[in-house]
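K.L.:
no sequence for this one, just the structure:
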């Protein structure tokens, strides 16, 4: 199935499809390539959507758009065995993070440093003890990690970070 031909037939652009699917153009192009080669798309949700949309005939473009939206909102994880790969709590967290990122990054350049930091954290967590300790401090401070789960050396770090951050909040830091 040639997806670009399919889209032309129904007067849909790649840009529109990417927006409807909430995908970047490079990711959409990757998924199109995988699907056209008969490979399994690496994301089960989009594998399900592509199979459901691109292997059928439709009345018009609006019917396709409505069906994609319907599939995205009614996607049942168990139907495509994502529960074998991820527990439901992890999937909920992934969805929550993705939704927040999409809202934040839609044309807003001021959030770019935050997401660059988050990306750095994701790749360096547990590899950088200072960063890991700082993250644990924040998790503990926001009741997302129990103090009993933090190792002794991290407790020492947290006890030293707290006064610094407290003074920073009060604008009492000195050089």
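P.N.:
That came through fine. Computed from a predicted structure; not experimentally measured.
K.L.:
May I see the buried residues of stretch 92-106?
P.N.:
Within stretch 92-106, no residue qualifies as buried by neighbour count (16 or more other C-beta atoms under 10 Å). All C-beta atoms are positioned from the backbone trio N, CA, C, and that covers glycine.
K.L.:
From the rest of the structure, what touches that stretch?
P.N.:
22, 86, 111, 112, 114, 115 (C-beta atoms under 8 Å, 6 or more residues apart in numbering).
K.L.:
What distance do you get for the closest residue to the third one other than its chain neighbours to residue 114?
P.N.:
I take that to be residue 111. Spatial nearest neighbour of residue 111, excluding adjacent residues (C-beta to C-beta, 6 or more residues apart in numbering): residue 104 at 4.6 Å. Noted for residue 104: a distance of 8 Å to residue 114, by C-beta to C-beta, to the nearest Å.
K.L.:
Checking the residue nearest to residue 111 next. Helix, strand or coil?
P.N.:
Per DSSP: H, G, I helix; E, B strand; the rest coil, the secondary structure class of residue 104 is helix.
K.L.:
Pick out the least confidently modelled helix or strand of the chain, by mean pLDDT.
P.N.:
helix 88-105 (a mean of 77; mean pLDDT, DSSP states H and E).
K.L.:
That one: what's the following helix or strand?
P.N.:
Counting by DSSP states H and E, the next helix or strand C-terminal to helix 88-105 is helix 112-124.
K.L.:
so what does that following helix touch, helix or strand wise?
P.N.:
helix 88-105, helix 129-141 (3 or more C-beta pairs under 8 Å, 6 or more residues apart in numbering; DSSP states H and E).
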